[in-house]
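S.K.: I'll drop the sequence and a predicted model, then ask my questions.
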Amino acid sequence: MVSPHTIDNSLESSSTQVTYDYWQLIRYNYEQIRHAELKASLIISLYSIFLTVAYTFDVLDEENVYSFDFNEPKVYFVIIFFLPPIIFTILSFSSCVRCFLPRLNFSVKPSPLFFGDIASNWKNFDSYSKDLIDVIDNEPEYKVHLSQMAYVTGSIADTKFRHVSKAIRLLIKSVISFIIFFIVLYI
């Protein structure tokens with residue numbers, strides 16, 4: 001015979017597991033957000049290193065390899081090959097910035113679980129504490145708020161990864177374009 005305490009414990013354990021699963025999903029989404037931002041930071045660092053090296057070569061250039069005579073038709077050919085890497089670099093850099101500052105086109109109801117909602121929707125601790133306790137004590141509502149949090153963090157992670165993936169593709173295009181530019185410049 002099964003005692004009522006056993007049923008209560010198994011229900012409580014099941015409920016705790018579901019809540020734990022929500023928090024694991026939210027934690028996973030936050031990790032994905034951090035990974036996307038790390039990749040964007042690395043791309044910006046690569047561009048910084050590249051620009052530093054390019055500037056150093058320009059300063060050390062005593063032969064003025066980069067001085068152009070606009071009376072020669074070859075200079076216009078070189079400029080044509082110089083524009084794509086610059087454009088790809090600017091677009092890649094802007095994709096990295098958009099990764100750090102994503103624009104989200106959806107709204108969700110205020111939740112005491114979101115740090116951004118707390119200050120704008122609860123003016124004092126007492127009302128916030130009461131609403132938070134009410135949400136946590138009401139399991140179906142708590143699950144709705146956790147689902148909302150998982151949806152928002154997942155959407156943010158997706159947006160950031162789309163921007164950083166675009167930045168990586170543009171980085172590759174800019175590197176290839178710069179290589180082509182230097183080949184054309186020195187031929």
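M.R.: Looks like it came in fine. Treat the numbers as computed from the prediction; the structure is a model and nothing was measured. Numbers count the residues shown, from 1 in each chain.

S.K.: just checking, what packs against the strand or helix carrying Tyr142?
M.R.: If you go by DSSP states H and E, Tyr142 is part of helix 139-186. Helix 139-186 makes packing contacts with helix 4-60, helix 73-100, helix 125-137 when contacts are defined by 3 or more CB pairs under 8 Å, 6 or more residues apart in numbering; DSSP states H and E. C-beta: built from backbone N, CA, C; applies to glycine.

S.K.: beyond the second one, next helix or strand please.
M.R.: Read it as helix 73-100. Using DSSP H and E, the helix or strand that follows helix 73-100 towards the C-terminus is helix 115-121.

S.K.: how about that next one: buried residues?
M.R.: Ile118 (16 or more other CB atoms under 10 Å).

S.K.: any residues touching it, and which ones?
M.R.: Contact with helix 115-121 is made by 110-112, 128, as judged by CB atoms under 8 Å, 6 or more residues apart in numbering.

S.K.: and the residues you listed, which of them are buried?
M.R.: In the contacts of helix 115-121, the ones that pass as buried (16+ other CB under 10 Å) are 110-112, 128.

S.K.: closest to Asn29 among the residues you listed?
M.R.: Asn29 lies nearest to Ser111 out of the buried ones among the contacts of helix 115-121, by CB to CB, at 15.2 Å.

S.K.: got the contact list for the closest one?
M.R.: Listed by CB under 8 Å, 6+ apart, the contact partners of Ser111 are 117, 135, 145, 148-149.

S.K.: which of those residues are buried, as a ChimeraX select command?
M.R.: The following ChimeraX line selects those of these that are buried, judged by 16+ other CB under 10 Å:
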select :135,145,148,149
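
S.K.: center of this structure - which residue?
M.R.: In the chain, the C-alpha nearest the mean C-alpha coordinate belongs to Lys160, at 3.1 Å (CA atoms, centre = their mean).

S.K.: reformat the contacts of helix 115-121 as JSON lines; add pLDDT.
M.R.: Shown next, in JSON lines, are the contacts of helix 115-121 (pLDDT from 0 to 100):
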{"residue": "Pro110", "pLDDT": "83"}
{"residue": "Ser111", "pLDDT": "85"}
{"residue": "Pro112", "pLDDT": "84"}
{"residue": "Tyr128", "pLDDT": "89"}
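
S.K.: I'd like the residues you listed written out as JSON lines, with distance to Ile168 added.
M.R.: Shown next, in JSON lines, are those (distance: CB to CB, whole Å):
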{"residue": "Pro110", "distance to Ile168": "36"}
{"residue": "Ser111", "distance to Ile168": "33"}
{"residue": "Pro112", "distance to Ile168": "37"}
{"residue": "Tyr128", "distance to Ile168": "41"}
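
S.K.: brilliant, that's me finished.
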